[in-house]
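1. Turn this into a structure:
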Amino acid sequence: DLKLQFLYFIGKQKNLKTMRSAVLMAMVAASTGVMVQVHEPSMIPAGWRATSEKVDRNGKFRVTVGVKRSNKAALDKIFEEVSNPQSANYLQYPTYEEIGDIVRPSAEHTRVVKEWLSTNGVVVTKVHPHGDYIHAEATVAQIQKMANGEFLTYEHTSGAKIWRLTSGVRVPAEVAAAIDTFAGFHGFPLNPIVVDKKLKEKLQAAGKVDPAVFRKTYNVTAVPKTGKQNIQAIAQFQGQYVDDKDLAEFCTKYDAGSDCKISKYIGKNEQQPGIESMLDTEYIMSLSNTAETWVYSYPNFDFCADLGTFGSDVTGESTFPYSISISYGSQKIDYCSKTITTRLSDDIQKMGTMGITVMISSGDDGSGGETRQGSNGGKLSPSFPASIPTCIAVGSTYWLEGTTGEQQATTQFGSGGGFSYDFPVPSFQAQQVQSYLSNVKKPNSQYATGRGTPDVSTLGESFTVVEGGSAIAVGGTSCSSPSFAGLVTLLNEACIAESGKTLGYANPLFYQNPKMFTDITKGTNAIGENRAAGWEAIKGWDASTGLGTPNFGLMLGVVKNACKNAARK
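-> Residues are numbered from 1 along each chain as shown. I've put the predicted structure just below:
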């Protein structure tokens, strides 16, 4: 019994070794004043420069501390077992409370962090129910003292200005032993999505893909509602917001069968339409009218820190979405610090252990030698956070001709793909990656051989989106991720009917059943600025289109069978 196994593990392993180490490091720190780096100096994206403009020491930031979790090995084991269709514990997720018992930080680590914050006069605003995140509000002066650094004013070529501490974060050794991350003040915004007026006028009503076309293309059929709770969500960043009027207009015009009303906002949402948010909500909702939809909102313009807050928010409630889409990322190497990269991977693994499937757009900078955040100096790079091995990375395709028939990797932009420098190849993908690298023509650039992306693809060009009261055509892997997430919501409905469970981390299921995808064998992501080097689409999994595009009818059959078998175990 899996439940008894991990409760026994907790009872026997109550993190004594970590507690002893923390006490020892505290003694050393007290006697030597040792400071330990927890975040390396920030990568300054292209377009930003430091200025001599003074920073207000009384300015306030919302900061997040990721407290070290307990029993990582136990969570790893459970995650692998509940995600693998070959396991006797497939889909047998622990309860929310049981997961809290597994990961809850040690009492010593919690004490150290809270005393550190209190000693520096920082006001704690929220503690995660599992104790692994602490949110607070701190002034510039307080953060400078705590992080052992100095804020500078940075200005973008657009004229935007922000305060950031970019020299790295160093804290007392005792604190460093108790935390993974201390964030909210050293990351940068992603480049904004801009559609100029002339282009917008040119693209009026130009989209060739709408919900009906998408359904027809991928054999998407209705799935009977179970009447049981089934929640889906998107995450919006960078000051993007959902406009209810645009959403209602889209559903009325293109998909009258959907109830396009957001059930819950987590965070701030102003009724000002953003192209990204309208695209995400319009397609995840129109393709899966069996579920209620939530929106996680992060307008703080510190993308990497906001990802941590997202991880805390999703896992911070015992009721949560089962299918989530993120349409944001960067292919600039080390755009987020190593500790934030690792922590978010752990967060999404935790979501998978809760029965949540996370889809992330694979990026729009093709092979990633050149990116919107700057050059990688001859190295190819996939997009983060899509490169996290515990998510499903979704790339983009388009038709060779017209709006039917064979598809290829996108040509309007480079669909992000490649191999991670941060994460090794996961076991379920190892055979496909090895086969691909043995058969594809290698690009004449430096590249890693870790976790490969994307996992899957869908259409990603010429999507009709209603934004600001107008219909425009939009392209990008941002089209593909929410659309695929909508299909996963439908598959969850079927799985709930068969077993009362959701799919959770579905990549092992997908890679064990590649025939439920249409293999894409044409095209490349050597496009635009990266046209000199990239990854070709070939037979089987590839770093341009993944396993291929979905055949929903086949997927539905595989999922029903897998979930039915899980219910019998």
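2. which stretches of the stretch 251-400 of the chain have low pLDDT?
-> Residues of the stretch 251-400 of the chain meeting the criterion pLDDT under 70: 256-258, 271.
3. Now do the strands in it.
-> According to DSSP state E, counting those that start in this stretch, the stretch 251-400 of the chain carries its strands in the segments 262-266, 292-298, 323-326, 357-361, 370-371, 374-375, 392-399.
4. Redo those as JSON lines? Include mean neighbour count.
-> In this view, the C-beta of every residue, glycine as well, is placed from N, C-alpha and C. JSON lines is the format used below for the strands of the stretch 251-400 of the chain (neighbours: other Cβ atoms under 10 Å):
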{"stretch": "strand 262-266", "mean neighbour count": "15"}
{"stretch": "strand 292-298", "mean neighbour count": "22"}
{"stretch": "strand 323-326", "mean neighbour count": "29"}
{"stretch": "strand 357-361", "mean neighbour count": "29"}
{"stretch": "strand 370-371", "mean neighbour count": "24"}
{"stretch": "strand 374-375", "mean neighbour count": "16"}
{"stretch": "strand 392-399", "mean neighbour count": "29"}
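5. Gly486: which of the ones you listed is closest?
-> strand 323-326 (7.8 Å; Cβ to Cβ).
6. ok, that closest one: who's next to it in the sheet?
-> As defined by DSSP bridges, the strand partners of strand 323-326 come to strand 231-237 (parallel), strand 357-361 (parallel).
7. Which among these is found nearest to Asn71?
-> strand 357-361 (21.8 Å).
8. quick revisit: right, so of the strands paired with strand 323-326, which gets closest to Glu406?
-> strand 357-361 (23.1 Å).
9. what residue ranges in the stretch 101-250 of the chain score low on pLDDT?
-> 192-206.
10. what about the strands in the stretch 1-150 of the chain?
-> 35-39, 48-51, 60-67, 123-127, 133-139.
11. out of those strands, which comes closest to Pro172?
-> Nearest of those (Cβ to Cβ): strand 35-39, 6.3 Å.
12. Average pLDDT for the closest one, rounded please.
-> Strand 35-39 shows an average pLDDT of 97 in the prediction.
13. Find out how far it is from the centre of the chain, if you would.
-> 25 Å (Cα atoms, centre = their mean, to the nearest Å).
14. Quickly run through the sheet partners of that strand, with directions.
-> Going by DSSP bridges, the partners of strand 35-39 are strand 169-172 (antiparallel).
15. what packs against whichever helix or strand comes after the strand it pairs with?
-> Next in sequence after strand 169-172, counting helices and strands by DSSP states H and E, comes helix 173-176. When contacts are defined as 3 or more Cβ pairs under 8 Å, 6 or more residues apart in numbering; DSSP states H and E, helix 173-176 packs onto helix 16-32, strand 35-39, helix 107-119.
16. okay, now Asn120: neighbour count?
-> Using other Cβ atoms under 10 Å, Asn120 has 15 neighbouring residues.
17. Enumerate every residue touching it.
-> Asn120 sits next to Ala138, Gln142, Lys145, Met146 when contact means Cβ atoms under 8 Å, 6 or more residues apart in numbering.
18. Make JSON lines out of the strands paired with strand 323-326 and add distance to Thr545.
-> JSON lines is the format used below for those (distance: least, Cβ to Cβ, whole Å):
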{"stretch": "strand 231-237", "distance to Thr545": "23"}
{"stretch": "strand 357-361", "distance to Thr545": "14"}
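19. Relative to His130, which of the ones you listed is closest?
-> strand 357-361 (18.0 Å).
20. Restricting the selection to alpha carbons, write the closest one to PDB.
-> Presented in PDB, the C-alpha positions along strand 357-361 are these (Å, rounded to 0.1, in the frame of the first residue of the first chain):
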ATOM      1  CA  THR A 357      -0.900  18.200 -15.500                       C
ATOM      2  CA  VAL A 358       1.100  21.300 -16.400                       C
ATOM      3  CA  MET A 359       1.500  22.300 -20.000                       C
ATOM      4  CA  ILE A 360       4.100  25.000 -21.000                       C
ATOM      5  CA  SER A 361       4.800  26.600 -24.400                       C
END
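21. Kindly reformat the strands of the stretch 251-400 of the chain as CSV containing distance to Asp334.
-> Compiled in CSV, the strands of the stretch 251-400 of the chain are given as follows (distance: least, Cβ to Cβ, whole Å):
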stretch, distance to Asp334
strand 262-266, 29
strand 292-298, 21
strand 323-326, 19
strand 357-361, 18
strand 370-371, 12
strand 374-375, 11
strand 392-399, 19
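22. closest to Ser337 out of the ones you listed?
-> Between the strands of the stretch 251-400 of the chain, strand 374-375 lies closest to Ser337; by Cβ to Cβ that is 16.0 Å.
23. Since that was my last question, I'll sign off now.
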